[in-house]
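Novice: Predicted coordinates and the sequence they were generated for:
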Amino acid sequence: MPGPDRVPAHWQPLCERSRTLLQQHQDAGGAWPASPHFAPYRYSWFRDGAFIAEGASAAGLVEQADRFHTWCGQVLEREAPAVGRVVAMLAEGRRPDDSDYLPARYRLDGTRQLDDWWNFQVDGYGTWLWALERHLARAGRDAVRHTPAITVAVRYLVATGTDTCRDWWEENRDRTHVTTLAGVAAGLRAAVRLAVLPAELATAAGDVADRCVALIRERGTRDGALVKWLDGTDVDASLLAVGALYDVLPLDDPLVVATVEQVEERLTAGGVHRYEADTFYGGGQWPVLAALLAWHHARSGRTGRSAELLDWVVSTADDDLLLPEQVLPLLAPAVLDEWLERWGPSAHPLLWSHGMFLAAVATYAATG
Ligand code: BGC
């Protein structure tokens, strides 16, 4: 863990609990379920898992993060033929079916779950590359043994990274999402820096990453702030990742500054909502997003605001120090019952909440 002197004492129990929980719920093969007790989430998402691994790595769980990245590598190596088929179809101008693409989530044993989940979302593969580079740097490991998996992920993102797909929230299939473009750009740039790619693929990766960032700047803004999808109008709290996590725009870029202001004004009241029209479980406030906003403010030198947000995350833990996916207040209370009937109470604990808390605390401690 980061220097304890820099972490307020009242955050320590949740830091310790989060570390224990990530160890306890990691599958023997290295995968993390999004939530151990919520049936729809007993799968490993590349997005959730990459952020959990980032939190684990930042909190000193080096072996656990290693095991997750190894698991991802095994999945990707197994998926190489599927990626080859998608790349070939797109090169021939044929449109793959959504089931041809890589899924968002896998069974814990690394195999695909064949169902009608909202699977086509590419950000997780970029976020995985982003998290892998950070982990390897932190742990002083080189990337060579991950070369086959990195190559598969890069080939996939070079072919699909600027297409429409579902967003961080597994919605809006037919849009091109700004946060997703940022995740793709960050992942591709990380892969190029890891210096294990064949020269031609590295060049293509750099070009696609530049294209993602150009699209964000050209079509991903409105009135000087970032928007949820290209040519859109709405703000989304996931956009906080563009600067603070993915580093595809500088933290002090006027677009990032204006976006953070909008998230603070329109989506934040104690905790942080995903977006104004959210109805999932009534559209509550997400600890993951409060931690993300705290991460932004810590890196921007506003440690007081960062601490307030992390205090809020701590306040959402139950008596057993478990963090939920979301909490009250709701934006659309009338829709809550529909979800309760469908799936029962929402995910609790959500391991991404714990991973994001650990990662944000580490950032706070490093900058505070
Ligand atoms: C969220 C996703 C997340 C998944 C598993 C969904 O409800 O929208 O961002 O990956 O749950 O936690």
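Specialist: Here it is on my side, so go on. Residues are numbered from 1 along each chain as shown.
Novice: Now do the helices in the stretch 251-368 of the chain.
Specialist: 254-262, 287-299, 303-315, 336-343, 351-367 (DSSP state H, counting those that start in this stretch).
Novice: With distance to the ligand, mean neighbour count and mean pLDDT as extra columns, can I get these in JSON lines?
Specialist: To be clear about C-beta, it is placed using only N, CA and C from the backbone, and glycine gets the same treatment. As requested, the helices of the stretch 251-368 of the chain are exported to JSON lines (distance: least, C-beta to the nearest ligand atom, whole Å; neighbours: other C-beta atoms under 10 Å; pLDDT from 0 to 100):
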{"stretch": "helix 254-262", "distance to the ligand": "19", "mean neighbour count": "19", "mean pLDDT": "98"}
{"stretch": "helix 287-299", "distance to the ligand": "8", "mean neighbour count": "27", "mean pLDDT": "98"}
{"stretch": "helix 303-315", "distance to the ligand": "16", "mean neighbour count": "19", "mean pLDDT": "98"}
{"stretch": "helix 336-343", "distance to the ligand": "10", "mean neighbour count": "13", "mean pLDDT": "98"}
{"stretch": "helix 351-367", "distance to the ligand": "6", "mean neighbour count": "26", "mean pLDDT": "98"}
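Novice: how much space between the closest residue to residue 263 other than its chain neighbours and residue 16?
Specialist: Nearest residue to residue 263, sequence neighbours excluded (C-beta to C-beta, 6 or more residues apart in numbering): residue 237, at 5.2 Å. Applying C-beta to C-beta, to the nearest Å, the value for residue 237 to residue 16 is 27 Å.
Novice: ok, residue 43 touching residue 108?
Specialist: Yes. Using C-beta atoms under 8 Å, residue 43 is in contact with residue 108, at 7.1 Å.
Novice: Give me the distance between the residue nearest to residue 334 when sequence neighbours are not counted and residue 346.
Specialist: Leaving aside its sequence neighbours, residue 334 sits nearest to residue 282 (C-beta to C-beta, 6+ apart; 7.8 Å). Residue 282 is 9 Å from residue 346, where distance means C-beta to C-beta.
Novice: ok so, going back, verify the stated contact: the residue nearest to residue 334 with residue 336.
Specialist: Yes. Using C-beta under 8 Å, residue 282 is in contact with residue 336, at 3.6 Å.
Novice: what do the two both touch?
Specialist: The contact sets of residue 282 and residue 336 overlap at residue 330 (C-beta atoms under 8 Å, 6 or more residues apart in numbering).
Novice: who has more neighbours, residue 43 and residue 108?
Specialist: Per other C-beta atoms under 10 Å, whichever of residue 43 and residue 108 has more neighbours is residue 43, with 23 against 17.
Novice: How confident is the prediction for the residue nearest to the more buried one when sequence neighbours are not counted, by pLDDT?
Specialist: Spatial nearest neighbour of residue 43, chain neighbours left out: residue 105 (4.0 Å); criterion: C-beta to C-beta, 6+ apart. Here the pLDDT value assigned to residue 105 is 98.
Novice: do residue 69 as well
Specialist: Residue 69 carries a pLDDT value of 98.
Novice: does it count as helix, strand or coil?
Specialist: The three-state label given to residue 69 by DSSP: H, G, I helix; E, B strand; the rest coil is helix.
Novice: Who are the contact partners of it?
Specialist: With the criterion set at C-beta under 8 Å, 6+ apart, residue 69 makes contact with 30, 53, 128, 131-132, 135, 146.
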